[in-house]
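Visitor: 3D model of this:
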Amino acid sequence: MEVLEKMLTYRKYREMEFDDDDNFQYELINGELMRKASPTLQHQRLVRKIAFAIEKHLESKPIGEVFFAPLDVVLDEHNVPQPDIFFVGKDKQFILDENEQVVIGIPDLIVEILSPGSVKRDRIIKKKIYEQFGIPEFWLVDPSYKNVEIFRLVDGTYELADFIEVTGTVKSLVLEGFELGLDRIF
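Guide: Presented below is the predicted three-dimensional model:
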């Protein structure tokens, strides 16, 4: 007899209780609870720099809102990642569920910052999920090699639109007019 493993649902995930001394963050990926360690100082600095730059851009061009982890993004019943940074345009404000205090739907841009323990999850697993759900733009920020990869959805598939390293500038199609020099990130 074959035993099938039951996938965890978003409702069950929300009902879970964790110990007060639990220092981990959790995401629901393909119905599996994924535990990730607390972010490092370096990780938090990168999140702050990028999110702050996006926020400053949005002050002069109010086209949406920027958010950062930990915040659930409910893509479907079995996929609830907590992207490091993400942007939701004004035309998608309806996905910001004020009652549940989560995002239920597809953000316009997701940024993941790689760490030694997240490379496979961010570069392969989550990238595939973001592609599958049609996230228009996805950035991978690699602090080890000081580079940023920008993927854009073209006909349902991510294509590498830009690879910024050394002294380049990060530019976004989703955040029209946004530019951020690599020297301001690293």
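Visitor: now the helices for this structure?
Guide: Listed in chain order, the helices of the chain (DSSP state H) span 10-15, 41-60, 119-120, 127-132.
Visitor: Remind me what the last one packs against, helices and strands.
Guide: Contacts defined by 3 or more C-beta pairs under 8 Å, 6 or more residues apart in numbering; DSSP states H and E place helix 127-132 against strand 137-142, strand 147-154, strand 157-165. Yep, even glycine has a C-beta here, placed from its N, CA and C like the rest.
Visitor: tell me the most buried of the ones you listed?
Guide: Greatest average neighbour count among the helices and strands packed on helix 127-132 goes to strand 137-142 (a mean of 22), per mean count of other C-beta atoms under 10 Å.
Visitor: ok, and what's touching that one?
Guide: 46, 50, 84, 108-114, 122-123, 127, 130-131, 147-153, 158, 170, 172-174, 185 (C-beta atoms under 8 Å, 6 or more residues apart in numbering).
Visitor: ok, now how distant is the residue positioned nearest the centre of the chain from residue 23?
Guide: Taking C-alpha atoms, centre = their mean, the centroid of the chain lies closest to residue 83, which sits 2.6 Å from it. Per C-beta to C-beta, to the nearest Å, residue 83 is found 20 Å from residue 23.
Visitor: And residue 102, by the same measure?
Guide: Using C-beta to C-beta, residue 102 is found at 22 Å from residue 23.
Visitor: More neighbours: which of those two?
Guide: Between residue 102 and residue 23, residue 102 has the larger neighbour count (other C-beta atoms under 10 Å), namely 18 against 8.
Visitor: shaky segments in this protein?
Guide: The model of the chain has pLDDT under 70 over residues 1-5.
Visitor: one more time with 50, if that's ok
Guide: Applying pLDDT under 50 to the chain flags the ranges 1, 3.
Visitor: give the contact list for residue 158.
Guide: 127, 130, 131, 138, 151, 152.
Visitor: coming back round to it: highest mean neighbour count out of the helices of the chain?
Guide: Highest mean neighbour count among these (mean count of other C-beta under 10 Å): helix 127-132, with a mean of 17.
Visitor: buried stuff in stretch 166-179?
Guide: 170, 172, 174, 175, 178 (16 or more other C-beta atoms under 10 Å).
Visitor: ditto for stretch 98-105
Guide: 102, 103, 104.
Visitor: now do stretch 24-39
Guide: Buried, per 16+ other C-beta under 10 Å, within stretch 24-39: 26, 27, 28, 29, 31, 34, 36, 39.
Visitor: Just the CA trace of it, in CSV.
Guide: Only the C-alpha atoms of stretch 24-39 are listed here, as CSV (Å, rounded to 0.1, in the frame of the first residue of the first chain):
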residue,chain,number,x,y,z
PHE,A,24,13.2,30.9,12.8
GLN,A,25,11.0,32.2,10.0
TYR,A,26,8.7,29.9,8.1
GLU,A,27,7.4,29.8,4.6
LEU,A,28,5.0,27.4,2.9
ILE,A,29,6.6,26.2,-0.3
ASN,A,30,4.8,23.5,-2.4
GLY,A,31,2.8,22.4,0.6
GLU,A,32,5.9,22.0,2.8
LEU,A,33,6.8,24.1,5.8
MET,A,34,10.3,25.5,5.1
ARG,A,35,12.2,26.9,8.1
LYS,A,36,14.8,29.6,7.6
ALA,A,37,17.2,31.1,10.1
SER,A,38,16.9,34.7,11.3
PRO,A,39,18.5,37.1,8.8
